[in-house]
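**Q** would you be able to build a 3D model of this:
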Amino acid sequence: MSLPSLSKKDQINIVGAGIFGLSTALHLARRGYKYVTVFDKQPYDTTLYSYFKGCDGASADINKIIRSAYGSQTEYQQLSTEAIASWKQWNSDLENGFDLPEGMSRADRVFIQCGSLSLTDGDELPEFEKATIKNMEDAGHKDTQLITTNQEHQTIAQARGMGSAMDPFLREKRGKSNVGVLDATGGVAIADKACRVALQKARNLGARFVFDPSAGAFDRFMTTSGGDVIGIQTKDGKRHPARLTIMACGGWTPSLLPELDGLCEATAGSVIIYKIPRASSLWERFSPERFPTWLWKVRDGAEGGLYGFPRDENGYLKIGYRGTKYTNPERQEDGIERSVPITRWTEDHQLRKIPSQAMKVLRRFIAEYMPELEDEGLEIETTRVCWYTDSFDNHFVIDHVPEKRGLFVATGGSGHAFKYLPNIGNWVVDAIEGIGQERAAIQAWRWRDLGDQKAFNVLMEGTKGARALGNVSLIDEHEETRAKL
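**A** So this is what the prediction gives:
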């Protein structure tokens, strides 16, 4: 239910300042919309999108994976190619002092092209990787997907300074299998700095931001007697009329927008973080100049689904698990259970542990692939549950909300949206304006029902589901350390 003749002078409210909200604000302002206001309960001007300073949204992180590898899903492959060009432009902008946030310098970068390695523990490449290689070559990106066991590809990687990224876990040296594909176009986004750059760019174009636990926190919609949405009310009681309201609240979106029932659900990944001492030999070993981002058995269920990064400038080495996507069902006012994020920083009920299953898979991987961490006696510095919004098919949801004139949603990142921070907002604005509706990506992101198709993600199992945090054992880094003694 689109809005007729949305004017460049109409007020537009965006709820949420994560990647969907930031990117949408940036591109609305870039297209000349004069009155764009973004609301968020997080004081991002103070916390600077740092998880360590109390930010609990998925976008507030130290790093995220950038990759072009998408198997047969060429719509995301094309979107990634577009995004990577923009990431490189943002690096250039920083180097030249354009849109430079306070506290950052011209030496800062938001994208490091260290490669993204997809690994299997099998003897042959999975079909996903084979499809990626073919589709990238068909799109003119030959020799960007480098097979780790291919001598010619190893030579290409060496020539590009990516030789160590073909075997970052030293598998061949240890006499072990090393089957995978290095996406040489990919690498790592410096997430918190990238969000700050997007924020600066949007502000410089005139977008307004309200960051406050009360004045920036969504409370309810303003509606007409016919159900049209005409703005929002924030927790401080103030009303903010708008012609269009865009909900881009990350993991909180499904519980704030019940219309998403069956289409989207908040799910948690599990993260552990080590800290590499600068004096350690591992500082260079895991540097982004020598170590890629990586994924391991990401489509293999509960015993796989790992991903990781090189260490960052502070020495933090992050490893994540999404083999099981956990939920936190809570009964809402309408009597329906919906998964609601709970984090280390949740106001009334903090979660400082991760599921034991996640820790088991992570520990097993580290013992096999990264034994030097344990050899040096390094312990886990901290843990995190990181909340995403999964759709049933892993496609985003970017569309007008049915039967809710004046309401739009941009969500369903399904754990793979951050890489599109520079460009996804342009597509969101296209969807708002009705431009290019025939494109495959826009079609995939429309409001939809499961119908007869098989769900990639099973949603809304509730408190009886095996993935509900209340039904699984939890462990923190200190308990895990004591258990080993």
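
**Q** where does the stretch 151-300 of the chain have low pLDDT?
**A** By pLDDT under 70, the stretch 151-300 of the chain has no low-scoring segment.

**Q** just the strands in it please.
**A** Under the criterion DSSP state E, counting those that start in this stretch, the stretch 151-300 of the chain contains strands at 179-183, 187-189, 208-211, 218-223, 229-234, 239-241, 244-247, 264-275, 293-296.

**Q** from the contact counts, what lies against the last one?
**A** Judged by 3 or more C-beta pairs under 8 Å, 6 or more residues apart in numbering; DSSP states H and E, the packing partners of strand 293-296 are strand 64-66, strand 116-120, strand 306-308. Where C-beta positions appear, they are placed from N, C-alpha and C, glycine not excepted.

**Q** now do the longest one: distance to the chain's middle.
**A** Chain-centre distance of strand 116-120: 18 Å, with C-alpha atoms, centre = their mean, to the nearest Å.

**Q** give me the next element, helix or strand, following that strand.
**A** helix 127-138 (DSSP states H and E).

**Q** quick check: next helix or strand after that following helix?
**A** strand 145-147.

**Q** any residues touching that following strand, and which ones?
**A** 69, 125, 129, 132-133, 136-137, 153-154, 156-157, 162, 166, 180-184 (C-beta atoms under 8 Å, 6 or more residues apart in numbering).

**Q** try it again at 7 Å.
**A** 69, 125, 132-133, 136, 153, 156-157, 166, 181-184 (C-beta atoms under 7 Å, 6 or more residues apart in numbering).

**Q** ditto for stretch 355-372
**A** 169, 270, 272, 282, 296, 302-303, 306, 319, 321, 323-324, 326, 373-374, 472-475, 480.

**Q** which ChimeraX command selects the buried ones in the residues you listed?
**A** Typed into ChimeraX, the line below selects the buried ones among the contacts of stretch 355-372, using 16 or more other C-beta atoms under 10 Å:
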select :169,270,272,282,296,306,319,321,323,324,326,373,474,475,480
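
**Q** just the ones of the contacts of stretch 355-372 in strands?
**A** Filtering those for membership in strands, criterion DSSP state E, returns 270, 272, 296, 306, 319, 321, 323-324, 326, 474-475.

**Q** next, give me the two most distant ones among those.
**A** Across these, the longest distance by C-beta to C-beta is 23.0 Å; it joins 296 and 474.

**Q** domain ranges for the chain?
**A** Per automatic domain parsing, the domain ranges recorded for the chain read 11-63+191-262+392-444, 74-98+107-188, 266-390+463-484.

**Q** and the ones you listed, which is most packed in?
**A** Of all the domains of the chain, domain 11-63+191-262+392-444 has the most neighbours on average by mean count of other C-beta atoms under 10 Å, namely a mean of 21.

**Q** next up, the contacts around the residue nearest to residue 241 when sequence neighbours are not counted.
**A** Nearest non-adjacent residue to residue 241, counting by C-beta to C-beta, 6 or more residues apart in numbering: residue 231, 4.0 Å away. Residues in contact with residue 231 (C-beta under 7 Å, 6+ apart) are 13, 222, 239-242, 245.

**Q** what residue is smack in the middle of the chain?
**A** residue 418 (4.0 Å; C-alpha atoms, centre = their mean).

**Q** what residues are up against that one?
**A** Counted by C-beta under 7 Å, 6+ apart, residue 418 has contacts 19, 59, 64, 189, 191.

**Q** let's see 8 Å
**A** Residue 418 sits next to 19, 58-59, 61, 64-65, 189, 191 when contact means C-beta under 8 Å, 6+ apart.

**Q** can you read off the pLDDT for it?
**A** At residue 418, the model reports a pLDDT of 98.

**Q** for it, give its distance to residue 205.
**A** 21 Å (C-beta to C-beta, to the nearest Å).

**Q** so what does the nearest residue to residue 265 once chain neighbours are set aside have for phi and psi?
**A** Take residue 265 and drop its neighbours on the chain: the residue closest to it by C-beta to C-beta, 6+ apart is residue 459, 4.2 Å away. Dihedral pair for residue 459: phi -110, psi 160, per degrees, to the nearest 10.

**Q** where's residue 459 relative to residue 255, distance?
**A** Distance from residue 459 to residue 255, by C-beta to C-beta: 13 Å.

**Q** and what of residue 160?
**A** For residue 160, the distance to residue 255 - C-beta to C-beta - is 45 Å.

**Q** now do the contacts for the nearest residue to residue 129 once chain neighbours are set aside.
**A** Counting by C-beta to C-beta, 6+ apart, residue 181 is the residue found nearest to residue 129 once chain neighbours are left out, at 4.7 Å. Neighbouring residues of residue 181 by C-beta under 8 Å, 6+ apart: 69, 117-118, 125, 129, 132-133, 145-148.

**Q** one more time with 10 Å
**A** Going by C-beta atoms under 10 Å, 6 or more residues apart in numbering, residue 181 touches 69, 116-120, 125-126, 128-130, 132-133, 136, 144-150, 153, 166.

**Q** repeat that for residue 406.
**A** Residues in contact with residue 406 (C-beta under 10 Å, 6+ apart) are 1, 3, 6, 13, 221-224, 227-231, 242-245, 400.

**Q** out of everything not next to it in sequence, what's closest to it?
**A** Nearest non-adjacent residue to residue 406 (C-beta to C-beta, 6+ apart): residue 229, at 4.0 Å.

**Q** just say helix, strand or coil for residue 26.
**A** helix (DSSP: H, G, I helix; E, B strand; the rest coil).

**Q** quick check: it touching residue 195?
**A** No. Applying C-beta atoms under 10 Å, one finds residue 26 not in contact with residue 195, separated by 11.1 Å.

**Q** same list (the contacts of strand 145-147) but as JSON lines, adding distance to residue 369.
**A** JSON lines is the format used below for the contacts of strand 145-147 (distance: C-beta to C-beta, whole Å):
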{"residue": "69", "distance to residue 369": "20"}
{"residue": "125", "distance to residue 369": "18"}
{"residue": "132", "distance to residue 369": "22"}
{"residue": "133", "distance to residue 369": "23"}
{"residue": "136", "distance to residue 369": "26"}
{"residue": "153", "distance to residue 369": "21"}
{"residue": "156", "distance to residue 369": "24"}
{"residue": "157", "distance to residue 369": "19"}
{"residue": "166", "distance to residue 369": "15"}
{"residue": "181", "distance to residue 369": "17"}
{"residue": "182", "distance to residue 369": "16"}
{"residue": "183", "distance to residue 369": "19"}
{"residue": "184", "distance to residue 369": "21"}
